[in-house]
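S.K.: curious how this folds, go ahead:
(one chain, ligands or ions: 1)
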Amino acid sequence: MDEPLIQFNQVCKHFGDNVVLDGVDLSIFKGQVTAIIGKSGIGKSVLLKHIIGLLEPDAGEILFEGRSRGAMTKAERRSLKMKFSYMFQGTALFDSMTVYDNVALPLKENRRVAFNEIKERVRDKLAQLDLIGIEEKYPSQLSGGMKKRVAMARALVTEPQIVLFDEPTTGLDPIRKNAAHRMISQYQQAFGFTGVMVSHEIPDVFHISQRIAMLDRGRILFQGSPEEIQSSDEPAIRHFIRGEVPEGEEYDGLHE
Ligand SMILES: Nc1ncnc2c1ncn2[C@@H]1O[C@H](COP(=O)(O)OP(=O)(O)OP(=O)(O)O)[C@@H](O)[C@H]1O
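M.R.: The predicted model follows:
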């Protein structure tokens, strides 16, 4: 297999007494969607935040094409940052800005994109996400599902090379959820981007990801293809992906 685009080597992170990542080894490959699955509160968002540098590991390292962020020059770090886009759990839309301005923001902020091109790209993304006609509305006037789709439009409008999604479909109805998954797949086929997606949508996520990583008790319990995880004999994996509580055990998924 090729060199990973992003590589976690023995990454550890704790908050006070709460050890969240305890030696995470994870490989993320270019052009693939990698889904991060695992129980609630286990540290999936924390892992994602390490990729964009919102959190720094206490120990271990994260390599991008073989190089750690710390070893990069300022210019290299800036260029790495431009490759990323992300969509976090809370949609983080700006309430004082219209839908159009929210989606146009990344194009206006970091890139020299002509006014007409911004208009075209924003319209395109809104159309793909079934959001035409709401450009002038404000986030407070939208349903939760619509906000989520606006956030997705904003994450994809720059056509980024690496997109991090934190539960992009939670709270969407089944039709919109499928549409959002389809959009991620189509976007990947069109642009060959690398996606890292935290998701609880099992088994749906197996259909749109090429790689699955399961986080459990601070470590990656499994990483491999959707087919491999579905045929795993490991009880913790089998129970989790089937949504079963092992006999004689109480569900201990609430780590928060
Ligand atoms: N900035 C922080 N300061 C202190 N503790 C934090 C911080 N961020 C996360 N945590 C803790 O880290 C643990 C993992 O949280 P995280 O949000 O990554 O879980 P998750 O797997 O994404 O959960 P869910 O599936 O419910 O979204 C939790 O115990 C959380 O309280």
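
S.K.: look up how far residue 150 lies from residue 180.
M.R.: 12 Å (Cβ to Cβ, to the nearest Å). Bear in mind the C-beta positions are built from the backbone N, C-alpha and C, glycine included.

S.K.: for residue 53, same thing?
M.R.: Taken as Cβ to Cβ, the span from residue 53 to residue 150 is 25 Å.

S.K.: find the residues that touch each one of residue 180 and residue 150.
M.R.: Among the neighbours of residue 180, those also in contact with residue 150 (Cβ atoms under 8 Å, 6 or more residues apart in numbering) are residue 129.

S.K.: up against the ligand, what does this structure have?
M.R.: For the chain, the contact set with the ligand under Cβ under 6 Å from any ligand atom comprises 15, 18, 20, 38, 40-46, 198, 255-256.

S.K.: what number of residues lie near residue 2?
M.R.: A count of neighbours around residue 2, defined by other Cβ atoms under 10 Å, yields 8.

S.K.: cool, residue 147 as well?
M.R.: 20.

S.K.: who has more neighbours out of residue 180 and residue 150?
M.R.: A count of neighbours by other Cβ under 10 Å puts residue 150 above the other of residue 180 and residue 150, at 25 against 22.

S.K.: if I look at that one, how far off is the ligand?
M.R.: 21 Å (Cβ to the nearest ligand atom, to the nearest Å).

S.K.: my guess is that residue is in a helix, correct?
M.R.: Yes - under DSSP: H, G, I helix; E, B strand; the rest coil, residue 150 falls within a helix.

S.K.: I'd say it and residue 131 touch.
M.R.: Yes - here residue 150 reaches residue 131: they are 6.4 Å apart, a contact under Cβ atoms under 8 Å.

S.K.: that older thread, take the residues of the chain next to the ligand and keep only those in strands.
M.R.: 15, 18, 20, 198 (DSSP state E).

S.K.: what number of residues lie near the first one?
M.R.: In terms of burial, residue 15 registers 10 neighbours under the definition other Cβ under 10 Å.

S.K.: who's it bridged to?
M.R.: With DSSP bridges as the criterion, residue 15 is bridged to residue 18.

S.K.: check what pLDDT it gets.
M.R.: At residue 15, the model reports a pLDDT of 97.

S.K.: what's the answer for residue 32, then?
M.R.: Reported pLDDT for residue 32: 93.

S.K.: need the contact list for it.
M.R.: 194, 195, 209, 210, 211.

S.K.: go again with 6 Å.
M.R.: For residue 32, the contact set (Cβ atoms under 6 Å, 6 or more residues apart in numbering) comprises 210, 211.

S.K.: still on that earlier bit, could you pick out the buried ones from the residues of the chain next to the ligand?
M.R.: When the residues of the chain next to the ligand are checked for burial by 16 or more other Cβ atoms under 10 Å, the buried set is 20, 38, 42, 43, 44, 45, 46, 198.

S.K.: turn those into CSV, columns for distance to residue 216 and pLDDT.
M.R.: Formatted as CSV, those follow (distance: Cβ to Cβ, whole Å; pLDDT from 0 to 100):
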residue, distance to residue 216, pLDDT
20, 12, 98
38, 6, 95
42, 6, 95
43, 9, 96
44, 11, 96
45, 15, 94
46, 14, 96
198, 14, 95
